[in-house]
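> Quick one: sequence plus predicted model below, questions after.
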Amino acid sequence: MDISPKVLVTGASRGIGRSICERLVEDGYFVIGIARNRPDDWPAALPFHTVDLTERDAVRRTLAAIAAEGPIYGLVNNVGFVPTGRLEDVDVADLQKAVMLNLEVNILCAQALLPGMRELGRGRIVNIGSRAALGKRERTLYSTTKAGINGMTRTWALELAPDGITVNAVSPGPIATEFFQAANDAQSEATRKLLEGIPVGRIGQPQDVAHAVAYFMDPRSGFVTGQTHYVCGGITIGAA
């Protein structure tokens, strides 16, 4: 790549998002991060925008400033919110936050960057979903919004294909992140069974997800769009 294509990654400060950023930089992209907090070790040469992604107006202002700096080739919608609890314990007050962080921010980012992608005549959007979209205990709000990502991805793929813009989803299974540790009690029988049931025999790493994102981001992947790719160690095989 003679001129590094620019890619915006949301939720870029840690976990899967940070790993995606590191992989894309290795592949020659100019990565722009956005999250609530900037990591202390974020590369000085790369822009990072700090914003509360639940604040719609602030998000729009930040995205407008990013778009004003020139066309963005790629977008990775990674930020997410993982509310947990059985049906009878679900707090519907969390629904608005789940929709905002798992769906609405994706829409706002895509809307802001689409004009630039159309100017370039090409683009890549990768939405980060979850295997929970297939159903997972104690994930009513999370699975609902992540299932929405699958439908969103397919719809955008159809709408944007004539513009040379592909849209795909990467849906992780169990990945060793702070989110996973917070939502899954390491001492519980359910977590033990979950980990023992992964066909490849190990929990996933953020780099596994980043590798899949890099494939969809590649300019050579222009004939692949509207797909949901599970990075799950085989745990979704046979799932509904």
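On my side now, so go ahead. Since this is a predicted model, take the numbers as computed values, not measurements.
> what comes up buried for the helix or strand bottoming out on mean pLDDT in the chain?
The helix or strand of the chain with the lowest confidence, counting by mean pLDDT, DSSP states H and E, is helix 178-183 at a mean of 78. Within helix 178-183, the residues scored as buried using 16 or more other Cβ atoms under 10 Å are 179-180, 183. Glycine gets a C-beta too; all of them are placed from N, C-alpha and C.
> just stretch 23-38 next, same as before
23-25, 27, 29-35.
> Those residues in helices, which ones?
23-25 (DSSP state H).
> Let me have these in JSON lines, extended by distance to P115 and pLDDT.
Compiled in JSON lines, those are given as follows (distance: Cβ to Cβ, whole Å; pLDDT from 0 to 100):
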{"residue": "R23", "distance to P115": "27", "pLDDT": "98"}
{"residue": "L24", "distance to P115": "22", "pLDDT": "98"}
{"residue": "V25", "distance to P115": "25", "pLDDT": "98"}
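> now these as CSV including distance to V126?
Formatted as CSV, these follow (distance: Cβ to Cβ, whole Å):
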residue, distance to V126
R23, 12
L24, 10
V25, 16
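> ok, those vs G238, which is closest?
R23 (29.5 Å; Cβ to Cβ).
> excluding its backbone neighbours, what's nearest that closest one?
A210 (3.8 Å; Cβ to Cβ, 6 or more residues apart in numbering).
> Pull out the buried residues from the helix or strand in which that neighbour is found.
Using DSSP states H and E, A210 sits in helix 206-217. Applying a neighbour-count criterion of 16+ other Cβ under 10 Å, one finds 206, 208-210, 212-214, 216-217 buried in helix 206-217.
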